[in-house]
Every structure is written in C-alpha cells, then in structure tokens.
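> I would like the atomic coordinates for the input below:
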Amino acid sequence: SVFRVTDQPDVLMKGNHGETLTVDLSFGREDVDEWITKLEKPYPLLFLDANWIERSPLIVKKIKEKNIPVGLLGQESKIYKENLDLLKKEIEIFQSEFGVVPLWYRTKDHTFPEPLKQQVWDSKINMVSSSVNWTTGNPPTIQKGDIVSVAIKKKTRVALKDLKAFQKAHPFVSIEETLFGYKTQTKTFP
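The predicted model follows:
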C-alpha cells in the first residue's frame, strides 16, 4: 500500500533508528544476477532504473520472487526539465513490472528540482536521497540514522565483492525502521 511519509513535497535523507542500505541499480547483468541470487536478508532497498528494468527481465523476476524491496531510480535531474513526461513513463514501466506505483523514488544525482518534487508528490511517491553516498573506493563510515546509497552504474560502480563485505559488516535495517523505528512485514501472494 502507498503512504506519504511527509506532509508536503520533501526529500528524506536521514533517519533516527538504524542504518539503511540502498543500491542505485542501472547497469549490470551476470554480476548483478549472481549478487541478487546470493543476496540474503536483510535486503537493501534497490532503486531500479526503468530502462534497466526493461533490459533485465530475468533479474527482475528474481527480485520479485525474493520479495526484495524496490523503488524507482530516475535519470539525472536536469533531464526532467527538458522532458516533463519522462517521470510518468518511468512510473508506468515500474508499475507494469511490479503491479504497483513505486513507494520510493530518487534521481541518479540525488537532486530534486521543484517541478520534479511536485510531480513526484502528486504521484504519491516518497522522495529519498541519502546521507552517505558510496560511488567508488573504500567503504564509507556510517552512523545511526544514515541512509547509505551505493552506486552500481555503468561509469560509477562499487565492486560487488566490496558491497557484500560492507553488508556483512553492518546491521542494516529497512528504510521504514530507520525512518520511523518500526519493522515492516510483507506478505507474498502466489
């Protein structure tokens, strides 16, 4: 079900109750497939690029089978200034694959110009940035309340072996638990 975390268009960047791992996924095949196959709970929140969703139906199927939480990863924020219908198209792609409007959304550059904020808000989607961005190099230091963003993109990419070690080294929780302090339970349907 859909809920709004804020009372007005606003971007969530940090919580108070734990650390959440999010992964911006817009590129990858075999390596990402293997990572998803071996991924264990607690799952990170995956922000999926709409074009990647269309290019990767078998990996998306595994994500759905494992009930891994997902959100929509948009393009660079400047692209939305030139193409106002792009967000609507991306939401339609996400909805056609997952059967629901995404609950979480972020752009690739974690920037939300006012017209985009309003459009996301009007679509009843929560905007999430992060307090810690890990794009390359050594893992970052994190603290309570952090929402960590890890890039798995074509040009900017964290090695999946480093990501696995980072996941094992920290007690990550769901974004709902980091933001609100409560655990969520999901049901799967045949």
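
> So what's the residue count around residue 34?
Neighbourhood size, residue 34 [other C-beta atoms under 10 Å]: 13. Where C-beta positions appear, they are placed from N, C-alpha and C, glycine not excepted.

> Quick one: residues contacting it.
residue 160 (C-beta atoms under 8 Å, 6 or more residues apart in numbering).

> All further residue positions should be reported with the first residue as 10.
Renumbered: residue one is now 10, and that last one reads residue 43.

> Now do the phi/psi pair for it.
Here is the backbone geometry of residue 43 (degrees, to the nearest 10): phi -60, psi -40.

> Could you report the distance from it to residue 68?
10 Å (C-beta to C-beta, to the nearest Å).

> Provide the contact partners of the lowest-mean-pLDDT helix or strand in the chain at residue level.
Using mean pLDDT, DSSP states H and E, strand 20-21 stands out as the lowest-scoring helix or strand of the chain, at a mean of 72. Outside strand 20-21, the residues that touch it by C-beta under 8 Å, 6+ apart are 14, 15, 121, 126, 135, 136, 137, 138, 156, 188.

> Please convert those to JSON lines, extending it with secondary structure and neighbour count.
Converted to JSON lines, the contacts of strand 20-21 look like this (DSSP: H, G, I helix; E, B strand; the rest coil; neighbours: other C-beta atoms under 10 Å):
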{"residue": "14", "secondary structure": "coil", "neighbour count": "15"}
{"residue": "15", "secondary structure": "coil", "neighbour count": "11"}
{"residue": "121", "secondary structure": "coil", "neighbour count": "24"}
{"residue": "126", "secondary structure": "helix", "neighbour count": "16"}
{"residue": "135", "secondary structure": "strand", "neighbour count": "22"}
{"residue": "136", "secondary structure": "strand", "neighbour count": "23"}
{"residue": "137", "secondary structure": "strand", "neighbour count": "24"}
{"residue": "138", "secondary structure": "coil", "neighbour count": "18"}
{"residue": "156", "secondary structure": "strand", "neighbour count": "24"}
{"residue": "188", "secondary structure": "helix", "neighbour count": "20"}
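
> Those residues into TSV, with extra columns for pLDDT and distance to residue 112?
Formatted as TSV, the contacts of strand 20-21 follow (pLDDT from 0 to 100; distance: C-beta to C-beta, whole Å):
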residue	pLDDT	distance to residue 112
14	56	9
15	58	13
121	91	16
126	90	16
135	89	6
136	91	11
137	91	10
138	90	15
156	92	14
188	79	12
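
> between these, which is nearest residue 79?
Residue 79 lies nearest to residue 137 out of these, by C-beta to C-beta, at 12.2 Å.

> Show me the shaky parts of this structure.
Within the chain, the stretches with pLDDT under 70 are 10-19, 191-199.

> For the most centrally placed residue in the chain, list the residues it contacts.
Note on the chain: the residue nearest the mean C-alpha position is residue 56, at 2.5 Å, using C-alpha atoms, centre = their mean. Counting by C-beta under 8 Å, 6+ apart, residue 56 makes contact with 31, 32, 33, 34, 79, 80, 81, 82, 113, 114, 115, 137.
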